[in-house]
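**Q** Here is my input, please return the structure:
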Amino acid sequence: MSKEKLFTPYQIFLIATLAFLQFAIILDFMVLSPLGAQMMPLLNINPSQFGLVVSAYALSAGASGLLAAGFADRFDRKKLLLFFFAGFIAGTFLCGFAPTYPLLLAARIITGIFGGVIGSISFAIITDLFPLQTRGRVMGFVQMAFAVSQVLGLPAGLYLSNLWDWHAPFLMIAGLCIPLLGLIMWKMKPVDAHLAIQKDHSAFQHLIGTVSKQRHLRAFAATTLLATGGFMLMPFGSAFAVNNLGVRLEDLPLIYLVTGICSMIAGPLIGKLTDRVGPMRVFAGGSALSILLVLIYTNLGVTPLWLLIAFNAILFAGITARMISSSALLTAVPAQVDRGAFMGVNASVSQISGGISSAIAGLIVHQTTSGRLENYPALGWVVACTMLVCVWLMYNINREVRGKAKHTDLNHPVPLTPPR
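**A** Residues are numbered from 1 along each chain as shown. Alright, predicted model coming up:
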C-alpha cells in the first residue's frame, strides 16, 4: 500500500506539523543534556542543582497537564494547541535571556507549564484523526522528531552554544517555532468532533471520571515506568561521556549526529513493523535490547569514540522501538469521550514521574573534584528494572485492548490488525 493511498494530503500535512511540534518540544528538553557540561561550571551549580533544572520543567509540565486535563475535551483541540504552543514559545525565549540560575529555573517552569501539554494535545489529535491500524506509521514519523532533534537540532544547538553561549540554542528553538505557529493558525482545520458526545457537566467531574477507570490507571502506571529511563540517564549523559568515558566536548555533536541519523532511519521502519506485527511484540523486543545495552553502557570506562557511537546508535534504536510501540498501544486505551483528558493526565504522569526520577538521579549521582560522575552504574540497574516491570504492564494492557476489540478498534470501525 503506497503512502498516497494510505494518507490524504491533509493528513500528511498534519503528520508533518505534529512531527515538527514534537521536534521543538523534544529539542527544548534534550538540549539541556549536552549543555550540562557547559552550564554547571558557568552557573556554578552541582549535579543536584542541574537535575532540579530538568525536573522543574517536568514537574511544572505535569501540574499544568493535570489542571488542563479536565478541560481538554471541552474545547476545539486546534485552539488548545495554539494557546499552549504560544506560551511555550514565550517560555523558551525567557530561557534564552536568563542570566542566572534562579531565573533559568523560573523560565524552565514557565516553559514546562505550556510545553508539557502540547504532546498530549498532539496525541489526542492523532487518535481522533487516524485509525489504530495506521497509528504505528504515524507515531513512527512523529516520534522521528526525537531523532531529527539529534541530527539537526542538537549539533546546531551545540555549535551555537560554542560560538556564543548556552543561551543561543533556546533562542534558536523559539525562532523556529514562530513560523509554525502561524502555519497552524492558517492551515489546520478545527478538531472538535469530540464536543458532540460530551456528557460531563464540569471539568472536575470529567477529570475524576477519567482517572478513576481501572484500564486508565494501568496505562498511567506503565507511563510512569516509561518515563523513568530517559529522565534518569539523559540529563547526565554528556557529563558522563566527557568525564567518565573520555569523550572530548567537541566530539559530542558527532555522537548525537550519527545516533540521530540511525534513529531517523529506524523510526519509520519501526512504525511500519508496529502496524504489521503488533505494538506489544515491538515493545518487548525494544525493551530487551535497551535493558542489555543500558547495563553495559553505564558500566563502561574510557571508551573509543567509534565504539561509543555504535553503542548509542543501537541503544537509541531500542528506545525508539519502545517509544513508538507504546504510544501506538496506549492510544487504544481511552474511548473518544475521554481521549483528551486521558492524554493530558498521561502526559502529566510522564512529566511528574520523570521529574521525580531526575531529582532522584541527581541525588544518586555525585561528581568528584576531578569531574568524574560516581554511582552512574546504579542508575543503569534502576532503569533496567523499571523497563522489565513495564514490559509486564504493557503486556496486560495489550491483552485487555485486544480482548475488548478483537475485530475493531475501540474508536474507529477498522480492523484491529491490518491485512498483510
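
**Q** Low-confidence ranges, the stretch 201-350 of the chain, go.
**A** For the stretch 201-350 of the chain, residues meeting the criterion pLDDT under 70 lie at 201-204, 206, 229-231, 235, 336.

**Q** Please confirm that A86 is located within a helix.
**A** Yes - assessed with DSSP: H, G, I helix; E, B strand; the rest coil, A86 lies in a helix.

**Q** Enumerate every residue touching it.
**A** F114, L181 (C-beta atoms under 8 Å, 6 or more residues apart in numbering). All C-beta atoms are positioned from the backbone trio N, CA, C, and that covers glycine.

**Q** measure it to T228 for me?
**A** As judged by C-beta to C-beta, to the nearest Å, A86 and T228 stand 31 Å apart.

**Q** Then W392?
**A** 15 Å.

**Q** Looking at these two, which is more packed in?
**A** Neighbour comparison, W392 and T228: the larger count goes to T228, with 25 against 11 (by other C-beta atoms under 10 Å).

**Q** CA atoms of the helix or strand containing the more buried one as CSV?
**A** Assigned by DSSP states H and E, T228 belongs to helix 214-233. Taking C-alpha atoms only, helix 214-233 is exported to CSV below (Å, rounded to 0.1, in the frame of the first residue of the first chain):
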residue,chain,number,x,y,z
GLN,A,214,-9.1,0.9,36.0
ARG,A,215,-7.8,0.5,32.5
HIS,A,216,-6.6,4.1,32.6
LEU,A,217,-4.8,3.5,35.9
ARG,A,218,-2.9,0.6,34.4
ALA,A,219,-1.9,2.8,31.5
PHE,A,220,-0.7,5.6,33.8
ALA,A,221,1.4,3.0,35.8
ALA,A,222,3.1,1.9,32.6
THR,A,223,3.7,5.6,31.6
THR,A,224,5.3,6.2,35.0
LEU,A,225,7.9,3.5,34.3
LEU,A,226,8.4,4.5,30.7
ALA,A,227,9.5,8.0,31.8
THR,A,228,12.0,6.8,34.4
GLY,A,229,14.8,5.7,32.0
GLY,A,230,15.1,8.9,29.9
PHE,A,231,14.8,11.3,32.8
MET,A,232,17.3,9.4,34.9
LEU,A,233,20.1,8.8,32.3
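
**Q** how about it: buried residues?
**A** 215-216, 218-233 (16 or more other C-beta atoms under 10 Å).

**Q** ok now it, how far from the chain's centre?
**A** Its chain's C-alpha centre and that of helix 214-233 lie 12 Å apart, by C-alpha atoms, centre = their mean, to the nearest Å.

**Q** on contacts alone, who are the packing partners of that helix?
**A** With contacts defined as 3 or more C-beta pairs under 8 Å, 6 or more residues apart in numbering; DSSP states H and E, helix 214-233 has these neighbours: helix 47-69, helix 203-211, helix 279-297, helix 305-330, helix 339-364, helix 376-404.

**Q** Make JSON lines out of these and add distance to V142.
**A** Below are the helices and strands packed on helix 214-233 laid out as JSON lines (distance: least, C-beta to C-beta, whole Å):
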{"stretch": "helix 47-69", "distance to V142": "18"}
{"stretch": "helix 203-211", "distance to V142": "23"}
{"stretch": "helix 279-297", "distance to V142": "15"}
{"stretch": "helix 305-330", "distance to V142": "8"}
{"stretch": "helix 339-364", "distance to V142": "13"}
{"stretch": "helix 376-404", "distance to V142": "19"}
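
**Q** just those: most buried one?
**A** Highest mean neighbour count among those (mean count of other C-beta atoms under 10 Å): helix 339-364, with a mean of 25.

**Q** I'd like the next helix or strand past that one.
**A** strand 366-367.

**Q** Name every strand pairing with that next one and say which way it goes.
**A** Here strand 366-367 is paired, per DSSP bridges, with strand 373-374 (antiparallel).

**Q** what pLDDT, on average, does the partner strand get?
**A** Mean pLDDT, computed over strand 373-374, is 82.

**Q** Contacts for it, please.
**A** So strand 373-374 is contacted by P47, F236, A239, F240, N243, N244, V365, H366, Q367, T368 (C-beta under 8 Å, 6+ apart).

**Q** Tabulate these (TSV), appending distance to L329.
**A** Written out in TSV, the entries for these read as follows (distance: C-beta to C-beta, whole Å):
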residue	distance to L329
P47	34
F236	29
A239	34
F240	31
N243	38
N244	35
V365	32
H366	37
Q367	38
T368	42
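
**Q** returning to what we had before: next, the angle helix 47-69 makes with the helix holding T228.
**A** Computed with axes from the mean of the first three to the mean of the last three C-alpha atoms, to 10 degrees, the direction of helix 214-233 lies at 160 degrees from that of helix 47-69.

**Q** quick one, helix 214-233 and helix 339-364 angle?
**A** Going by the same axes, to 10 degrees, helix 214-233 makes 30 degrees with helix 339-364.

**Q** distance between whichever helix or strand comes after helix 214-233 and the chain's centre?
**A** Moving toward the C-terminus from helix 214-233, the next helix or strand (DSSP H and E) is helix 237-243. Relative to its chain's centre, helix 237-243 lies at 21 Å (C-alpha atoms, centre = their mean).

**Q** What helices and strands are in contact with the next helix or strand after helix 237-243?
**A** Sequence order places helix 252-277 as the next helix or strand after helix 237-243, per DSSP H and E. The elements that helix 252-277 packs onto, with contact taken as 3+ C-beta pairs under 8 Å, 6+ apart, are helix 32-43, helix 132-142, helix 144-148, helix 154-163, helix 237-243, helix 279-297, helix 305-330.

**Q** hmm, try it at 7 Å
**A** Secondary-structure packing of helix 252-277 (3 or more C-beta pairs under 7 Å, 6 or more residues apart in numbering; DSSP states H and E): helix 132-142, helix 144-148, helix 154-163, helix 279-297, helix 305-330.

**Q** How far away from the center of its chain is the fourth one?
**A** Think helix 279-297. Centre to centre, stretch against its chain (C-alpha atoms, centre = their mean), the figure for helix 279-297 is 17 Å.

**Q** cool, the last one as well?
**A** A distance of 13 Å separates the centroid of the chain from that of helix 305-330, by C-alpha atoms, centre = their mean.

**Q** what inclination does it have with respect to helix 252-277?
**A** Counting by the same axes, to 10 degrees, helix 305-330 points 40 degrees away from the direction of helix 252-277.

**Q** Just want the angle from helix 305-330 to helix 376-404.
**A** 30 degrees.

**Q** Now do helix 305-330: which elements does it pack against?
**A** Looks like helix 305-330 contacts helix 132-142, helix 252-277, helix 279-297, helix 376-404 (3+ C-beta pairs under 7 Å, 6+ apart).
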